[in-house]
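In: this one's sequence-less:
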């Protein structure tokens, strides 16, 4: 029988290596400080899609392929991402290359926790940059509406100061159960719109919200992100999928983030279905600050550093509010799951 200390040592070593991979992937661009500039008078392009060795960029109203400039020895898709603004130059062979990256205002990422490749687990994947507004796309059915992913999206978007809206797609399949869930978010002032790509309802309302902004669609596979993108751009060229009948989970059809322009100064970044979101940069004491329902009650708990977690109910005003139905139990449960994930990660 293996000795316990040996198991602990092996586990600890693997965990440390996973953390190093995540950190290394995050800091890759920091090795090239002169690559990032604050502003420029030169012509710039917008990154549409990135691949290992090149990027597709909208430059001078044309789509071009460009490589990273010499001296940057890293995969292109680890350095720049859809939504990035870059400066472009040509070499003697008239090939395009990316000279500089304009400093970003934000960068959304996730941690891979659902990969079939063990070596990929724990690695941070950046998905989009310079986002003005995020659309959290959920569906009434197939796949079913779950709150826990919405709450993680809201946490990360608030931390990045990105406006958001919840879009219930397949609204023609909505029941009272989904309506109750959506009411939870309406009460905390998160905009909710309802769409159906089958009936083409709610599309004009969505357009009015996104017009003039760089937006991103977030959500599970199969909720209809690509179908909504098709209706926005008016061309059926984005691959769409149906839900697997066996698992009721969406199939992955969008494998990397892609950028689409659908109106003047209006764009959408369609992302792959995301199952696991990165919350590792938060600490356990700040999570409660992003749950708006808790804010009005702050300071009324017995202890000033109350986490609303393992404290006695008579000492925690938030727990009392949950018990009375003032705070949604589902939202509180989401908070606890996120908190426990962070505590586990810290340990």
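Out: Received it, and whenever you're ready, just let me know what you need. Note that the structure is predicted; figures quoted are calculated from it, not measured. Numbering: from 1, shown residues only.
In: please make it C-alpha for all contacts and neighbour counts, starting now.
Out: Will do.
In: after the lowest-mean-pLDDT helix or strand in the chain, which helix or strand is next? Please name it.
Out: Using mean pLDDT, DSSP states H and E, helix 4-26 stands out as the lowest-scoring helix or strand of the chain, at a mean of 47. Next along the chain after helix 4-26, taking DSSP states H and E as the criterion, comes strand 36-37.
In: okay, now the domains of the chain?
Out: Residue ranges of the domains in the chain are recorded as 32-102, 107-270, 287-346, according to automatic domain parsing.
In: so how many other residues sit close to residue 72?
Out: Counted with other Cα atoms under 10 Å, the neighbours of residue 72 add up to 14.
In: also residue 43?
Out: By other Cα under 10 Å, the residues close to residue 43 number 11.
In: contacts only, for it.
Out: Counting by Cα atoms under 8 Å, 6 or more residues apart in numbering, residue 43 touches 87-88.
In: over to the one 4 residues further on?
Out: For residue 47, the contact set (Cα under 8 Å, 6+ apart) comprises 55-58, 80-86, 259.
In: now the residues you listed in a markdown table, with distance to residue 288 and neighbour count?
Out: Shown next, in a markdown table, are the contacts of residue 47 (distance: Cα to Cα, whole Å; neighbours: other Cα atoms under 10 Å):
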| residue | distance to residue 288 | neighbour count |
| --- | --- | --- |
| 55 | 39 | 25 |
| 56 | 40 | 20 |
| 57 | 40 | 27 |
| 58 | 41 | 19 |
| 80 | 32 | 25 |
| 81 | 30 | 27 |
| 82 | 31 | 30 |
| 83 | 30 | 29 |
| 84 | 31 | 23 |
| 85 | 34 | 22 |
| 86 | 37 | 25 |
| 259 | 33 | 24 |
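In: that older thread, now the domains of the chain in CSV, with mean pLDDT?
Out: Putting those into CSV (pLDDT from 0 to 100) gives the following:
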stretch, mean pLDDT
domain 32-102, 92
domain 107-270, 81
domain 287-346, 92
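In: rebuild these as CSV, extending it with distance to residue 279.
Out: Rendered in CSV, the data for those read as follows (distance: least, Cα to Cα, whole Å):
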stretch, distance to residue 279
domain 32-102, 20
domain 107-270, 7
domain 287-346, 7
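In: next up, phi/psi of the residue nearest to residue 163 when sequence neighbours are not counted, please.
Out: If you skip the residues right next to it in sequence, residue 163 has residue 133 as its closest partner in space, 4.8 Å away by Cα to Cα, 6 or more residues apart in numbering. Taking degrees, to the nearest 10, you get phi -150, psi 140 for the backbone angles of residue 133.
In: for residue 133, name its beta-bridge partners.
Out: Assessed by DSSP bridges, residue 133 has beta-bridge partners residue 163, residue 215.
In: what residues does it make contact with?
Out: If you count contacts by Cα under 8 Å, 6+ apart, residue 133 has them with 162-165, 210, 213-216.
In: ok, those residues vs residue 38, which is closest?
Out: Taking Cα to Cα as the measure, residue 38 sits nearest to residue 214 out of those, at 19.2 Å.
In: for the closest one, which residues are in contact?
Out: Under the criterion of Cα under 8 Å, 6+ apart, the neighbours of residue 214 are 83, 130-133, 265-269.
In: now those in JSON lines, with secondary structure and distance to residue 281?
Out: Compiled in JSON lines, the contacts of residue 214 are given as follows (DSSP: H, G, I helix; E, B strand; the rest coil; distance: Cα to Cα, whole Å):
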{"residue": "83", "secondary structure": "coil", "distance to residue 281": "22"}
{"residue": "130", "secondary structure": "coil", "distance to residue 281": "19"}
{"residue": "131", "secondary structure": "coil", "distance to residue 281": "19"}
{"residue": "132", "secondary structure": "coil", "distance to residue 281": "21"}
{"residue": "133", "secondary structure": "strand", "distance to residue 281": "21"}
{"residue": "265", "secondary structure": "coil", "distance to residue 281": "32"}
{"residue": "266", "secondary structure": "strand", "distance to residue 281": "30"}
{"residue": "267", "secondary structure": "strand", "distance to residue 281": "28"}
{"residue": "268", "secondary structure": "strand", "distance to residue 281": "26"}
{"residue": "269", "secondary structure": "strand", "distance to residue 281": "24"}
